[in-house]
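>>> Make a model of this:
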Amino acid sequence: MMSPRLAALLPLIVLITSAVVLSLAPILVRLTETGPAAAGLWRFIFALPLLLLLTHRPGGEGVGRPSRWMALAGLFFFLDLSFWHYGIVMTSVANATVLCNLTPVVVTLFAWLVLKQRPRPVFVLALAFAMTGAFAMAAGADGGQGTDPLLGDLLSLSVALWYAGYFLAVKAARSTAGAVRVMLWSTAIPIPLMLAACLVLGESIIPATLAGWAACVGLGVMHVAGQGGVGLGPGPGLGGHDRRGHPDPAGGGRRPRLADLRRDHDRHPDGRRRPGAVRRAAGAMERAGTPAGGP
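Numbers count the residues shown, from 1 in each chain. You can find the predicted model right below:
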């Protein structure tokens with residue numbers, strides 16, 4: 001039986017582990033021997049069979065149908081990887097990774113300006129230090145580290161916006177589905193979009209050597225192991241039981257009501273306001289940040 005303290009820490013442990021796994025992404029992208037968008041395409045394609053196996057495992061919830069939140073997560077993920085992979089090619093791996101992880105800045109501003117949640121002073125101070133370091137790295141980038149370091153830095157910086165949208169959409173989707181199903185559809189939906197981007201941009205899609213293919217397969221495995229942790233992390237809790245009372249180790253616990261997604265807040269029995277699902281997601285990201293290994 002898992003102790004309450006360990007159960008409370010488990011989502012954070014999963015997110016940290018995901019960060020370590022996802023840190024391999026920029027290196028693998030450069031080893032694929034394809035165009036930047038094509039690397040994202042192969043990442044999705046090789047991840048899909050693994051996710052299908054997970055959804056059909058004993059006790060799995062099956063494929064089901066995508067909700068609008070899953071579709072939105074897929075759209076944000078397409079934008080995320082498209083911009084980030086070009087950023088990786090155009091600037092240094094370090095800059096691309098650091099700048100794309102400014103997602104907490106976007107979420108903090110969203111929570112402050114839209115949800116009227118004022119951040120704590122110590123968080124603002126830490127955020128200021130993080131931003132200063134990120135921009136210092138970008139300013140000191142060697143011009144030989146990529147094809148266009150300045151544009152690469154800007155593309156990587158824009159990923160913070162797309163990844164924030166992806167994170168919030170995944171959190172909302174988890175209110176009605178388990179992590180694996182959300183992960184499946186947010187991976188399948190971007191595939192035709194990524195293929196279209198490859199064709200429009202005239203990219204090289206097929207790796208030239210076995211080493212390139214191995215990097216593509218590695219991206220797919222990393223996607224399931226790393227991004228899957230991101231899908232588990234924002235959920236209502238790991239372990240517990242699903243809505244039918246069955247054990248749900250893949251991300252169960254009590255799920256928020258669908259009505260939480262249709263309004264900004266509901267109320268405690270004593271009348272005090274309680275944050276809705278999207279507001280809870282913003283608060284969680286503000287407190288814990290996002291996986292530091294990139295999308």
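>>> Name the residues that touch stretch 43-50?
81, 184, 187-188, 190-191, 194, 216-217, 219-224, 227 (Cβ atoms under 8 Å, 6 or more residues apart in numbering). C-betas here are computed from N, CA, C, even on glycine.
>>> how does it look with 10 Å?
25, 28-29, 32, 51, 74, 77-78, 81, 85, 183-184, 186-195, 213, 215-225, 227-228 (Cβ atoms under 10 Å, 6 or more residues apart in numbering).
>>> Now the element after the one helix or strand Thr132 maps to, going C-ward?
Following DSSP states H and E, one finds Thr132 within helix 121-139. As assigned by DSSP H and E, the chain's next helix or strand after helix 121-139 is helix 149-173.
>>> the inter-axis angle of that following helix versus helix 121-139?
140 degrees (axes from the mean of the first three to the mean of the last three Cα atoms, to 10 degrees).
>>> Show me what the helix or strand that helix 149-173 is followed by is packed up against.
Moving toward the C-terminus from helix 149-173, the first helix or strand encountered (DSSP H and E) is helix 179-188. Counting contacts by 3 or more Cβ pairs under 10 Å, 6 or more residues apart in numbering; DSSP states H and E, helix 179-188 is packed against helix 36-55, helix 68-90, helix 149-173, helix 228-232.
>>> which residues of the stretch 51-200 of the chain score low on pLDDT?
Judged by pLDDT under 70, the stretch 51-200 of the chain has its weakly predicted residues at 134-135, 137-146.
>>> which ones are touching Tyr166?
Per Cβ under 10 Å, 6+ apart, neighbours of Tyr166: 72-81, 103, 159, 186, 227, 230, 290, 295.
>>> 8 Å - rerun?
Per Cβ under 8 Å, 6+ apart, neighbours of Tyr166: 73, 76-77, 80, 186, 295.
>>> which of those residues tops the neighbour count?
Counting neighbours by other Cβ atoms under 10 Å, the top entry in those is Ala73, with 31 neighbours.
>>> For that one, give its distance to Gly165.
According to Cβ to Cβ, to the nearest Å, Ala73 stands 8 Å off from Gly165.
>>> One more: Leu99?
17 Å.
>>> Between those two, which has more neighbouring residues?
Leu99 (25 against 21).
>>> Compute the number of surrounding residues for Trp185.
Trp185 has 24 nearby residues by other Cβ under 10 Å.
>>> My guess is it contacts Met70. True?
Yes. With contacts counted by Cβ atoms under 8 Å, Trp185 reaches Met70, the gap being 4.1 Å.
>>> Return every residue with contacts to both of the two.
Joint contacts of Trp185 and Met70 (Cβ under 8 Å, 6+ apart) do not exist.
>>> Now Val89: closest residue in space, sequence neighbours ignored.
Leaving out its chain neighbours, the residue that sits closest to Val89 by Cβ to Cβ, 6 or more residues apart in numbering is Pro36, at 5.1 Å.
>>> Just the pLDDT at that neighbour, thanks.
Turning to Pro36, the model gives it a pLDDT of 92.
>>> Now do the same contact list for it.
29, 82, 85-86, 88-89, 203.
>>> Out of those residues, flag the one nearest to Gln117.
Of all the contacts of Pro36, the one with the least separation from Gln117 (Cβ to Cβ) is Ser82, at 30.4 Å.
>>> can the helices and strands packed on helix 179-188 go into JSON lines with extra columns for distance to Ile16?
Output for the helices and strands packed on helix 179-188, formatted as JSON lines (distance: least, Cβ to Cβ, whole Å):
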{"stretch": "helix 36-55", "distance to Ile16": "21"}
{"stretch": "helix 68-90", "distance to Ile16": "20"}
{"stretch": "helix 149-173", "distance to Ile16": "16"}
{"stretch": "helix 228-232", "distance to Ile16": "9"}
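>>> Great, nothing more from me.
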